[in-house]
Each structure stands twice: as C-alpha cells, then as structure tokens.
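> Got a predicted structure plus its sequence, pasted below:
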Amino acid sequence: MRALMLAAALLLAAPVAGQAQPAPQVTGTPTSPTPMLPPVADELEVLKALQGGRVAGRITIPDQQAANLIQPGGKSWRDFHNVTLAWVGGVAVLGMLAILVMFRLSKGRIPIEGGPSGRTIQRFNLIERANHWMVASTFIILALSGLNLTFGRHVLLPVVGPEAFTAISQWGKYFHNFLSFPFTLGLVLMLLFWAKDNIPNRTDVRWVKAGGGLIGNAHPDSERFNAGQKGIFWITILGGTAVAVTGYILIFPFMFTDIAGMQLSHIIHSIVSVLMIAVMLAHIYIGSIGMEGASAAMTTGQVDLNWAKQHHNLWVEKELAEGRGADAPDSARPAGAD
Amino acid sequence: MARMKFLLDAERCIECNACVTACKNEHEVPWGINRRRVVTINDGRPGERSISMACMHCTDAPCAAVCPVACFYTTADAVVLHDKDLCIGCGYCFFACPFGAPQYPRVGNFGSRGKMDKCTYCAGGPQADNSRAEYIQYGSNRLAEGKLPLCAEMCSTKSLLAGDGAVIAQIYRERVQRRGYGSGAWGWRTAYRETVAI
C-alpha cells in the first residue's frame, strides 16, 4: 500500500521536478518540501487510518494518553457499539424471550410426574443458596444497568425524559461498579462449591443425545446436575471470568492498557454479557415458572422426592443410599401395628 | 450561519504551547484536564511537526453517536457541545473520539470519572450565555461576545486558525500556494470528511 502510494507520488512529482529546487530526501515523515505534491502529512493520516493505526507523538503534559493525535480505532468501536452490539444484544435477548414463549406455548409447564410425593430431600444447603442469590441478584442489577448503557437511550430515555434518565444511569453506573465485587466473589465460591459436580462425563453425552427430555418425552439419567445445568454452570464461570477481568480493566481506565485495549475490553465485556443475559433468561425461566417443583431447590433447598427422581435419578439413588434426605412430611403419622 | 472549524497549519506551529496555556487560563480548567494539547510527531527527527489538537467539532460527531445519555448537541454554528448536568462520566466518548478530546476529572473511588470536560470552542454550554453557572461548568463564552476561540486568537505564528471553515480553508490555501508546500489540514479528513483542496 505504502509502496503504491510512493510510486504514485513519484509519478506526480516527475513533471514538476524540473522547476523545483532540489528537495531534501526525507522518507516516512509528515513533510512535503517538494512543491505541489499531495500533502504528505495528510497522506500519513490516511495511511494510518487505512491500517487502523494511530498517529502519535511526544507530549509535554503528564497525561500520556494525550500523545495519541488521531486514533482511527474509535470509528470501529463506534460501529461496534452502535450497530454490532445493538444487533447482537437485541437478537440474543429478544430471541431468547421469543424461544421461551414458544416453548411455553407448545409444551406448557413441565409437571412433576405423578404429582408431588410430599416427601422432600435436601438439594442445596443454606450457604449454597445464599451464594446463588448473591450472584443472581447482583447479576440482574449488573445486567439491567449494563443493558441501559446500550439500549436505554433508545428505550428508556424517550419515556422518562433526560434528567430522570441521567439519574437512573448515574446510579446504574455506581451499582454496576460496586456490585461487580460481590458478583465476582460469588463466582469464586460457586466454583469451589459446585465444580466437582459439574465435570462432564458419559451420562451427559446420553442426556444430550436424548434431547435432555426437553425435546420429546425421554427421561435421560442425570446425576446432581444434568448436562444442561453443567452448561449453565460453565457459561457462568467462564463467561463470568471474562466479564470480570474485562470489567476490572474498564473500571480502572488506562491503568492496565491503552485506548485499543480499553476498546477491546469493552467489546469482550459487552458481547459476553449480552450472551450471558440470554442464557440466564432461560435458566430463570426453567428454574421458576417453567417447571413444577424446580424453584424449591433454591428457595427452601428441599425438593420433592418425585421431582428429584424425575430429573436427577442417579443423584437421588446416591443420596438415599448414603442415608441422607427424604424425610417424611410433618403430616405423616405412623401407621401403627393395630 | 458559519460552520466553525479549527485548522492547524503544522508548518507554522513552533510548539510554544501558548494555546494550551491560554485555554487553561481563559476557562480556569482544573489541574489534569487539557482541553487543548500540542503533540509533536517525529520529535527530533527530520520532518518534525507539532500539531495543536483539541475537539475538532466533527460533522457527525462520534462522541454524540455513542453517548448513552445523549448529552451532546450541535449549535447553529456547528459547534459540538455537551450538557454536564446529563453526562454520567462513563467514558464512552473518549473511546469513540478520534482526537482524544474528552477529558475526565478523577473523582471518588477506583478510576471513577467525573463529568466529561472538553473544548467548547469558547462557546460555553447549555446554560444562559455568560452566566456564572455557565462559566463554572464550561468556562467563558467568547462566541456569544462575538469573539473567536482564544487559543487561535492569540497564536503567535497564526498556525492555529479558528473561524468559518470556508474562510480559514481559503487562508490556508493561499498560504500553501505562496510558500509552495503544506502538510495538510490535520484531522480534517477525520472530522469533516473533507480536506483542503489546493
């Protein structure tokens, strides 16, 4: 490219070379001592822009970020933020909602087969549940405040007006910054609590082949977590790690990286976030209104035995074999020998 | 109405930084904030040029396009201004700006930023012209007094030009024709999608 431009410049220079006084030979610099040549500095700017490069120099003020004179990367970031992210985020979130609505309409709520037994078994202890809700509650606020930065201007701003919208966004920014810490801590604890039950194995392959019971009416075997839940777990851990790392780069601007690094961090942070939001919508649906008996696992921690047998048969067998759980309900009375 | 622009003739800039100082003094810009700066490229090598850069008040401004709270507006003179009462200090405008114009006071925890500050083309902000409130938030409003930006007005070599784009482009064109060379209008292609044809 550079060579081509140089050749073009030389061709243009040839006719005027006769009248011109001999020009000092300077290459690769933003100067044009030869009369009536295309302005070289301008060319340098264009060349750099074509290569996505920055024009930078020396600066005498402490802020070294200011040494960047022109950064064409800003244009790509603008296109990403205004076009790519808006589309990916919009399609991911609205698309998932549409899928869930269609799933609900076609299959309805997944019932406990044979109805609740009345006997329960402990699925998650208090610490596991508390940690789950710490991650879940912070995630929801982080997600809403994050979506607000991309979509709020088009969705919320026309509704509430500029002053109220700024107040919401300002508080959203504070919450987003501060709640990142409990969210990250919760991810670490989740990894410690649940990683051992989330290592993929052969049972998961069979579960996936059977469509997880979501497609068709199969009842594939499952241990404490089925392949779908393992997927959610690793998406949370790996996606959460990516979001946390890039988020902390963004929260401390220019401490770890330069403008290109900041832009890249934002790109990774936002894309991974919107995809995680889409996945979590499905997780929230199936854990609450989508399946009878599922929400008990994370509220009381005690799930109905029939629910557990239906969805996590191998886990139930193991728990019962080890003498845990399946207490009789309070209403149960000994039948007596009479 | 005029289409206000900046034009920096890099053949004339002597890196005296008077524009930087004038700007800071005129608007009482706080420590650490530089609405205007001078960058020297090829420092100490052949082809060294210094370029004074601030907000170029772009046509189709990237800052305005990415702002999550839509706090930017363009005046009738095509000056890009923003409303600090609406700005949340997210930093997106700095990511998008090709010229690194937006500045943020460091306030509070982490790298948390205060409301963005940038060159106003000496045209203040949305507050009433030359009011106390406007001065505190944005600095003086010379445009409302019929004056041009101070940086360009007091440039000793008249390297930095401010004014109607058509007028300053003509001045620059005449200069280049007289002396026979010029390194182009820095940033014009990026900011205004055009350059000064000689």
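Good, I have the coordinates. Residues are numbered from 1 along each chain as shown, chains lettered A, B, ... in the order given.
> Tell me how many other residues crowd residue A:213.
When counting by other CB atoms under 10 Å in any protein chain shown, one arrives at 17 neighbours for residue A:213. C-beta here means a position set from N, CA and C on the backbone, and glycine is covered the same way.
> Quick one: residues contacting it.
For residue A:213, the contacting residues are A:219, A:220, A:311, by CB atoms under 8 Å, 6 or more residues apart in numbering or on different chains.
> Ok, residue B:162 next?
B:4, B:5, B:6, B:7, B:121, B:148, B:149, B:151, B:152, B:153, B:168.
> so of those residues, which ones are in helices?
Per DSSP state H, helices hold the following members of these: B:151, B:152, B:153, B:168.
> one step back: tell me the one of the contacts of residue B:162 nearest chain A?
Comparing the contacts of residue B:162 against chain A with CB to the nearest CB picks out residue B:7 as the nearest, at 12.3 Å.
> Neighbours of residue A:200, how many?
The burial count assigned to residue A:200 is 12, neighbours taken as other CB under 10 Å.
> which SS class is it?
Under DSSP: H, G, I helix; E, B strand; the rest coil, the three-state class of residue A:200 is coil.
> Quick check: the gap between it and residue B:80.
Between residue A:200 and residue B:80 the distance, using CB to CB, to the nearest Å, works out to 53 Å.
> Quick one: classify residue B:161 as helix, strand or coil.
strand.
> Show the contacting residues for it.
Remark: with contacts taken as CB under 8 Å, 6+ apart, residue B:161 is in contact with B:6, B:7, B:8, B:9, B:152, B:155, B:168, B:171, B:172.
> Turn the buried ones among the residues you listed into a named ChimeraX selection, would you?
The command below creates a ChimeraX selection of those among these that count as buried (16 or more other CB atoms under 10 Å in any protein chain shown):
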select /B:6,7,8,9,152,155,168,172
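> mind showing which ranges of the chain have poor pLDDT?
Chain wasn't specified; assuming chain A. Counting by pLDDT under 70, the ranges of chain A that qualify are A:1-52, A:214-218, A:325-338.
> let's do chain B instead
When residues are selected by pLDDT under 70, those of chain B lie in B:108-111.
> List the single closest residue to residue B:158 in space, sequence neighbours excluded.
residue B:12 (6.7 Å; CB to CB, 6 or more residues apart in numbering or on different chains).
> and that neighbour, how many neighbours does it have?
A total of 17 residues lie near residue B:12 under the criterion other CB under 10 Å.
> Pull the contacting residues for it.
Shown in contact with residue B:12 (CB under 8 Å, 6+ apart): B:157, B:158, B:159.
> any chance of those residues in CSV, with neighbour count too?
Putting these into CSV (neighbours: other CB atoms under 10 Å in any protein chain shown) gives the following:
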residue, neighbour count
B:157, 12
B:158, 13
B:159, 21
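> Selection in ChimeraX covering whichever of the contacts of residue A:213 are buried, please.
With 16+ other CB under 10 Å as the criterion, this ChimeraX line picks the buried residues out of the contacts of residue A:213:
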select /A:220,311
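> For chain B, state which of the contacts of residue A:213 is nearest.
Out of the contacts of residue A:213, the one with the shortest distance to chain B is residue A:311. That distance is 41.6 Å, counting by CB to the nearest CB.
> quick one: whatever helix or strand residue A:278 lives in to chain centroid distance?
Element membership for residue A:278, per DSSP states H and E: helix A:259-287. For helix A:259-287, the distance between its averaged C-alpha position and the chain's averaged C-alpha position is 2 Å (CA atoms, centre = their mean, to the nearest Å).
> Tell me where chain B has strands.
Residue ranges of the strands in chain B, as given by DSSP state E, are B:4-8, B:37-41, B:49-53, B:72-74, B:80-82, B:160-164.
> Tabulate the CA atom coordinates of the third one in CSV.
Spelled out, that is strand B:49-53. C-alpha atoms of strand B:49-53 as CSV (Å, rounded to 0.1, in the frame of the first residue of the first chain):
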residue,chain,number,x,y,z
ARG,B,49,5.9,18.7,13.1
SER,B,50,3.9,19.9,16.1
ILE,B,51,0.1,19.8,16.0
SER,B,52,-2.1,21.6,18.4
MET,B,53,-5.2,19.4,18.9
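> Give me the neighbour count for residue B:130.
Neighbours around residue B:130, by other CB under 10 Å: 13.
> can you check residue B:132 too?
Other residues near residue B:132 come to 9 when the count uses other CB under 10 Å.
> follow-up on the earlier one: any chance of the contacts of residue B:12 in JSON lines, plus distance to residue B:23?
Listed next are the contacts of residue B:12 as JSON lines, based on distance: CB to CB, whole Å:
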{"residue": "B:157", "distance to residue B:23": "17"}
{"residue": "B:158", "distance to residue B:23": "17"}
{"residue": "B:159", "distance to residue B:23": "15"}
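> Return the closest of these with respect to chain A.
Using CB to the nearest CB, residue B:159 is the member of these that lies nearest chain A, at 13.5 Å.
> mind listing what the closest residue in space to residue B:129 that isn't next to it in sequence touches?
Of all residues not flanking residue B:129 in the chain, residue B:144 sits nearest, at 4.0 Å (CB to CB, 6+ apart). Contacts for residue B:144 were tallied using CB under 8 Å, 6+ apart; they are B:123, B:124, B:129, B:130.
> buried subset of those?
Buried members of the contacts of residue B:144, counted by 16+ other CB under 10 Å: B:123, B:124.
> Now distance to residue A:268 too, for the contacts of residue B:144, in CSV please.
Listed next are the contacts of residue B:144 as CSV, based on distance: CB to CB, whole Å:
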residue, distance to residue A:268
B:123, 38
B:124, 38
B:129, 44
B:130, 46
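> what about the helices in the stretch 151-300 of chain A?
Assignment of helices within the stretch 151-300 of chain A using DSSP state H, counting those that start in this stretch yields the ranges A:153-155, A:157-160, A:162-194, A:202-209, A:227-234, A:240-251, A:259-287, A:296-299.
> no wait, chain B
For chain B, the helices defined by DSSP H occupy B:18-27, B:62-66, B:92-96, B:132-138, B:150-153, B:165-179, B:188-192.
> Name the surrounding residues that touch the fifth one.
Taking contacts as CB under 8 Å, 6+ apart, the residues outside helix B:150-153 that touch it are B:6, B:19-20, B:22-23, B:26, B:36, B:52, B:54, B:122, B:142, B:147, B:160-163.
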